[in-house]
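> Requesting a structural model of the entry that follows:
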Amino acid sequence: MNKNSVFVLDKNKKQCNPVHPAAVRKLLTEGKAAVFRQYPFTIILKDESTDEIKQLRIKIDPGAKTTGLAIVSDTNIVWCAELGHRGFQVRDNLSDRRVKRRSRRSRKTRYRKPRFLNRKRPQAWLPPSLMSRVFNIQ
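Numbers count the residues shown, from 1 in each chain. Reported below is the predicted structural model:
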């Protein structure tokens, strides 16, 4: 199998072994299968399958900007994808809010003190931008 393998379900929506795209095209043109889902591309067979299912593993590579996902067999990569995070977008939005808030304080209006000493934070507190990254990677 290679990176272009197609996922297959049988008549009862039970998982079958991934198949090469050429075999999938043949099944679709003969009417023995139908498209079940576009992404990840999955077909559903019109009859039951008795093949023994190979063991597949999922591998996850967490990163700061993207997380890599892969489904692998013992010898080959069956499927792979990259998942982009919003971490830096969240950080930029928070810094924009901070700049606007500080500009409001410096306008020619009555003085508005920055309030930061009257708030208590939980013991294991992290900034929202970092929490967003943590939640994206988990």
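> Read off the pLDDT value for the most centrally placed residue in the chain.
Geometric centre of the chain, nearest residue: residue 83, 4.3 Å, by Cα atoms, centre = their mean. pLDDT for residue 83: 86.
> What separation do you get for it and residue 68?
8 Å (Cβ to Cβ, to the nearest Å). All C-beta spots, glycine's among them, are computed from the backbone N, C-alpha and C.
> Could you do residue 61 as well?
4 Å.
> do residue 23 as well
With Cβ to Cβ as the criterion, residue 23 and residue 68 are 27 Å apart.
> all strands for this protein, in order.
Using DSSP state E, the strands of the chain run over 7-9, 33-37, 42-45, 57-61, 66-72, 77-84.
> Report the buried residues of the longest one.
Judged by neighbour count (16 or more other Cβ atoms under 10 Å), strand 77-84 contains these buried residues: 78-79.
> Run through who's touching it.
1-3, 5, 7, 18, 40, 56, 65-72 (Cβ atoms under 8 Å, 6 or more residues apart in numbering).
> Just give me the closest of those to residue 119.
For those, the residue nearest residue 119 by Cβ to Cβ is residue 65; the value is 31.0 Å.
> which one is that closest one nearest to, not counting chain neighbours?
Among residues not flanking residue 65 along the chain, residue 85 sits closest, at 6.0 Å (Cβ to Cβ, 6 or more residues apart in numbering).
> Correct me if wrong: that neighbour contacts residue 62.
No: with contacts defined as Cβ atoms under 8 Å, residue 85 does not count as touching residue 62, sitting 9.4 Å away.
> These two: which is more packed in?
Taking other Cβ atoms under 10 Å, residue 85 and residue 62 do not tie; residue 85 has more neighbours (18 against 13).
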